[in-house]
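# model the structure of this input:
(chains A, B and C, ligands or ions: 2)
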Amino acid sequence: MSASTHMSSRLAGWLPRLVVAPSLLIVIVTVYLFILWTGVISVTSSKFVPTYDFVGLDQYVRLWATPRWHTAVANLFIFSVLFLALSTGLGLLLAILLDQNIRVEGALRAIYLYPMALSFIVTGTAWKWIMNPGLGIQKVVTDLGWTTFRFDWITDPQMAIYTVVVAGVWQSSGFAMAIFLAGLRGIDNSVIKAAQIEGASLPLIYRQIIIPMLRPAMLSVIVLLSYIAIKSFDLVLALTNGGPGTATELPSTFMFSATFRRNQMGVGAASAMMMLMTVAAIIIPYLYSELREQKNG
Amino acid sequence: MAEALSRSGKARLGRMVVYGCLIVVALVYLMPLWVMVVTSLKPLDEIYSGSFIGLPKVLTFDAWRAAWSEACIGTECTGLKPYFVNSLLMVIPAVVLSTGIGAINGYILTKWKFPGANFVFGLLLFGCFLPYQAILIPMARTLGLLGLAGSIPGLVAVHASYGICFTTLFFRNYFVSLPDELTKAAMVDGAGFFRIFWSVILPTSIPIIVVSCIWQFTQIWNDFLFGVSFTSGSNSPITVALNNIVNVTTGRKQYNVDMAAAMIAAIPTLVVYIVAGRYFVRGLTAGAVKG
Amino acid sequence: MSTLEIDRVRKAYGQLEVLKEVSISIGTGDFLVLLGPSGCGKSTLLNMIAGLETITGGEIRIAGKTVNHLSPKDRDIAMVFQSYALYPTMTVRQNIEFGMKIRRIARADRDKAVKTASDLLQITHLLNRKPSQLSGGQRQRVAMGRAIVREPKLFLFDEPLSNLDAKLRVDMRTEIKRLHARLGTTIVYVTHDQIEAMTLATRVAVMKDGVVQQLGDPQAVYDRPANVYVARFVGSPAMNIVPAVLEVEGTTATAVVDVARRPAARIGGISLSVEGLRRYAGEKVLVGIRPENFSIASAATGPSLTVDFDVVEPTGPDTLAVFQLGGVEVTARLPPRQAHARREAALAVDTTKIVLFDSETETRID
Ligand SMILES: Nc1ncnc2c1ncn2[C@@H]1O[C@H](COP(=O)(O)OP(=O)(O)OP(=O)(O)O)[C@@H](O)[C@H]1O
Ligand SMILES: [Mg+2]
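Ligands and ions are numbered 1, 2, ... in the order given. Purely as a prediction, here's the structure:
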């Protein structure tokens, strides 16, 4: 009897590991093994289907010699910087304004955040229509008598990438607002009261005390928005389909069209690896610091 | 006294500015939704005659009917209906699977910690931030090998797999705050691994189950990349079908049908957001706010 | 009801040794209190008795049977936790019944057990409530009810009163004592509150850094602490530990103590074993004097020492007077209204209660 309970308690010790094992296996295969696989494909000459002949870094060389990839990287840079700056700024502003004992706060918050519930495809579709030069905003304003008003960015290769920024900010700034608001609510009120008693004005309190205290929230917002920016794909596809021409190409759309439309699987894999490395460079230090803080805290 | 008065006057002005800003921004945020709705309710002629932002002069649901059951996606003119069904068939099993697995993972990673449990969590966590382009090609090949290419069950498997990362994060962060003494008490009471999960832990986790389901539902319903990469034709989810409708280039562009179709694709997640917004926000911020 | 033997038990988390060769054994019906500061390993030891932590080395026997490899449910124990750990989604009745349900005890028997326990603890009117609708004291009772219905060989309590307010804590303490008297079950009780230990225990184990410092009945631990650590930990205000030099004359010893701004004081008539007298003659020692062993000197009390009170704190039943002795701060517990700050006073010491400690090892000298 003692031996059998001994056995069963040994089994009980293994049970949790046994139950979590399938999930772990799935993730190891579908995340880490697949990444490795993509990495392998990126050093082969694969075109329509994978071929496993080692060609070294040829595909990376080809990738970086492709003007279209340069456009994509430049666009990602413009898009990320503007998207991050505007979403963060707007999100922070809205959060601070909402934190002033606003009576209809719940409703306003819901309005700022609802775009986040929409598919990027829906967002793209809506904004494509809004920015339609013939029938959209431009038409409304010219009809109001402002006949020289032009808002035709979506058909202008120079400006098209900014339409993606506009739609992206509309969709994601509420998200930044939500995180900042949670951060603001976590700040101890007595700090603010103490500063007020010392005679600090409200803007000063925000600049000197509160916003610095939002650093953890700021870090989260920046990291998560960068991640959204790098993987943005559906938005561009629905809004501009990468056009006009290749004016709004991003690495994500480049990878997709290289792989599935232009039969350059090797180049596609190489571009995917570039994206992965960028994300990893941002996310891994972030996760590391978050987890370490958790352990200490 | 006078100073106090003028100061309160200044304060009132300040508050008006605050409210003004908030309301203007709110109107801007609502504008696209408004435009979508009114456009979808207008006849095409009215749209082409230049009515963009105003209420429809003639109210018609023709565009909605067209988008739902007549619009052409590729060569098939079935409307969005079958694709809506596809998305449902994809989203429901994927949500149930990933939430269930995430719940039990979170339970193990907090209440039955084994050496290396934190490392396992780290491995799963990175999966939340994976740019899916990096696994697109191998996944397409694997689905092909498994005979799941282009099928709804294939999509369910993909979404459930990557969903596990998020759901495990949700449940783990939730269960961390449940006292360990609860499981210990149940162990002393004689309950085993599954019994504790089922009778003690799960009944306390309704809120996080809701968060997980809503998050997964929104993510999977709104997905486009996996849909467009791994399915084609009549097996596509609704986002892919919507994109096809909108990108039709032949004939006179039916903006009202486009908008109605976009609304149809958006309604399920919007409804979820309106009904359970609180839980939606919690899911959204879970990636940022550590447990 | 049964005996419990903890035999050279060790616990390590990797390199970190949390318990070092702990040995405690108690008899049937004993009330053992594990007393020690936060982090000394009390809960760890209790969890090992319960089977919630693995045992790195040594043996634990309940009723003579080794339980090292038994899971908690096979050890026939019940446990009450600091946070009570009531199942939040179950009613009080379901909470109490849960363990019996798992053991497949028949409905009628379950009802009877719940009734007996809830009558005993006066929680019958609460049976259909959820834990969130209960007060702290009521939760505490439910947690005890959950333990009682099991009729275990051994009750384990992990700081069960520390979440209650001061008044309720005293009431529940009495109630636990009454319960022990009625049920007679062997109990292991963890606390860092020395008053709880004194009032409840039949045996106290004082722990520090994973080592048992002293095991004995509460009065013995109070009167004859094994070392300076135990002396300071048990009793409030703590025992005064005063450096002194020992002078030996015949069969008694005299402690010579510096007094601030005065000639050295002599506390004589301390009895010590022959061995002790020989070894510590002329040596530095630490003199342990409980605050209540000071009194205002009178003709009846014999020799006295003269000191200056720095601070005087009336507590109601008596007054605490603080002064300098042997270069350290010393507290005396005196009758009310007899001490005044910044005044000189003559104090007598009850030398039969004095305990001496080695100044190096800080262990008691007998
Ligand atoms: N899982 C663990 N891994 C490493 N160290 C641990 C672990 N659990 C406990 N410890 C350490 O063991 C020591 C004893 O912990 P234990 O919980 O037994 O203390 P305690 O005496 O009950 O204190 P308290 O009065 O605060 O409850 C502590 O120093 C603690 O940090
Ligand atoms: Mg403890």
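# centre of the chain to stretch C:144-163, how far?
18 Å (C-alpha atoms, centre = their mean, to the nearest Å).
# buried stuff in that stretch?
C:144-150, C:152-161, C:163 (16 or more other C-beta atoms under 10 Å in any protein chain shown). All C-beta spots, glycine's among them, are computed from the backbone N, C-alpha and C.
# mind listing what B:Ala103 touches?
By C-beta atoms under 8 Å, 6 or more residues apart in numbering or on different chains, the contact set of B:Ala103 is B:167, B:171, B:202, B:205, B:209, B:212.
# now rank these by neighbours and give me the top one.
The residue in those with the most neighbours, by other C-beta atoms under 10 Å in any protein chain shown, is B:Thr167 (32 neighbours).
# which of the buried residues of stretch C:144-163 fall within helices?
C:144-148 (DSSP state H).
# from those, pick the one nearest B:Thr39.
C:Arg146 (63.0 Å; C-beta to C-beta).
# that closest one touches C:Met100, doesn't it?
No. Judged on C-beta atoms under 8 Å, C:Arg146 makes no contact with C:Met100 at a distance of 9.8 Å.
# out of the ones in helices among the buried residues of stretch C:144-163, who's nearest A:Gln138?
Nearest to A:Gln138 among those, with distances taken as C-beta to C-beta, is C:Arg146, at 71.9 Å.
# pLDDT weak spots in the chain?
You didn't pick a chain, so chain A it is. Within chain A, the stretches with pLDDT under 70 are A:1-12, A:293-297.
# sorry, I should have been clearer: chain C.
Using pLDDT under 70, the flagged stretches of chain C are C:1.
# near chain A, which residues of it show up?
C:69-71, C:74 (C-beta under 8 Å from any C-beta of the partner chain).
# need those residues in JSON lines with neighbour count, can you?
Formatted as JSON lines, the residues of chain C next to chain A follow (neighbours: other C-beta atoms under 10 Å in any protein chain shown):
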{"residue": "C:His69", "neighbour count": "16"}
{"residue": "C:Leu70", "neighbour count": "19"}
{"residue": "C:Ser71", "neighbour count": "21"}
{"residue": "C:Asp74", "neighbour count": "17"}
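# just give me the closest of these to C:Ala220.
Closest approach between those and C:Ala220, by C-beta to C-beta: C:Leu70, at 33.1 Å.
# any idea how far the residue lying closest to C:Pro335 once chain neighbours are set aside is from ligand 1?
Leaving aside its chain neighbours, C:Pro335 sits nearest to C:Asp318 (5.9 Å; criterion: C-beta to C-beta, 6 or more residues apart in numbering or on different chains). C:Asp318 sits 30 Å away from ligand 1, going by C-beta to the nearest ligand atom, to the nearest Å.
# do the same with B:Lys253
65 Å.
# one more: A:Leu219?
A:Leu219 is 29 Å from ligand 1, by C-beta to the nearest ligand atom.
# got it, and A:His70?
Counting by C-beta to the nearest ligand atom - A:His70 and ligand 1 are separated by 53 Å.
# next one: B:Cys213
For B:Cys213 relative to ligand 1 (C-beta to the nearest ligand atom), the value is 33 Å.
# A:Met213 - nearest residue in space that isn't next to it in sequence?
With C-beta to C-beta, 6+ apart, the residue lying closest to A:Met213 is A:Ile187, at 5.5 Å.
# sorry, back to before: secondary structure and distance to ligand 1 added to the residues of chain C next to chain A, as CSV?
Putting the residues of chain C next to chain A into CSV (DSSP: H, G, I helix; E, B strand; the rest coil; distance: C-beta to the nearest ligand atom, whole Å) gives the following:
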residue, secondary structure, distance to ligand 1
C:His69, coil, 20
C:Leu70, coil, 21
C:Ser71, coil, 18
C:Asp74, helix, 23
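# who touches B:Met31 in this structure?
Contacts of B:Met31 (C-beta under 8 Å, 6+ apart): A:130, B:53.
# check which helix or strand it maps to.
helix B:2-40 (DSSP states H and E).
# what about that helix, average pLDDT?
Mean per-residue pLDDT for helix B:2-40: 82.
# after that helix, next one along is what?
Defined by DSSP H and E, the subsequent element after helix B:2-40 is helix B:44-48.
# out of the residues of chain C next to chain A, which two sit at the greatest distance?
Greatest spatial distance among these (C-beta to C-beta): C:His69 and C:Asp74, at 9.3 Å.
# please tell me I have it right and the residue nearest to C:Pro335 contacts C:Pro336.
Yes. Contact criterion C-beta under 8 Å: C:Asp318 and C:Pro336 qualify, at 5.9 Å.
# now, among the ones in helices among the buried residues of stretch C:144-163, which is nearest to chain B?
C:Arg146 (7.5 Å; C-beta to the nearest C-beta).
# apart from its neighbours in sequence, what residue is nearest that closest one?
Using C-beta to C-beta, 6+ apart, the closest residue to C:Arg146 is C:Ile96 (5.1 Å).
# would you confirm that the one you found contacts C:Ala117?
Yes. Look at C:Ile96 against C:Ala117 with C-beta under 8 Å: they come within range, at 6.4 Å.
# more neighbours: the two, which one.
Comparing C:Ile96 with C:Ala117 by other C-beta under 10 Å, the one with more neighbours is C:Ile96, at 28 against 22.
# for the more buried one, which residues are in contact?
Contacts of C:Ile96 (C-beta under 8 Å, 6+ apart): C:114, C:117-118, C:127, C:142, C:145-146, C:149.
# could you give the average pLDDT over stretch B:268-282?
85.
# check stretch B:113-126 too.
So the average pLDDT for stretch B:113-126 ends up being 88.
# quick test: name the residue nearest the centre of chain B.
The centroid of chain B falls nearest to B:Thr218 when counting by C-alpha atoms, centre = their mean (1.2 Å).
# not counting its neighbours along the chain, what's nearest that residue?
B:Thr218 sits nearest to B:Thr269 (C-beta to C-beta, 6+ apart), 5.0 Å away.
# these two touch, right, that neighbour and B:Gln216?
No. B:Thr269 is beyond contact range of B:Gln216, at 11.5 Å (criterion: C-beta under 8 Å).
# the two: which has the busier surroundings?
Neighbours per residue (other C-beta under 10 Å) separate B:Thr269 from B:Gln216, with B:Gln216 holding more: 26 against 22.
# please identify the helix or strand for the more buried one.
helix B:206-222.
# list the buried residues in that helix.
Buried residues in helix B:206-222 (16+ other C-beta under 10 Å): B:208-222.
# I'd like the next helix or strand past that helix.
That would be, after helix B:206-222 and using DSSP H and E, helix B:225-230.
# contacting residues around the following helix or strand past that next one?
Once the chain leaves helix B:225-230, the next helix or strand it forms, by DSSP H and E, is helix B:238-246. Under the criterion C-beta under 8 Å, 6+ apart, residues A:119, A:121-122, A:125, A:128, A:234, A:237-238, B:67, B:71-74, B:80, B:83-84, B:86-87, B:221-224, B:227-228, B:231, B:236, B:257-258, B:261-262, B:264-265 lie in contact with helix B:238-246.
# and helix B:238-246, what's its mean pLDDT?
Mean predicted lDDT for helix B:238-246 stands at 90.
# for stretch B:91-107, same thing?
For stretch B:91-107, the mean per-residue pLDDT is 96.
# that one: how far from the chain's middle?
What separates the centre of stretch B:91-107 from the centre of its chain is 15 Å, taken as C-alpha atoms, centre = their mean.
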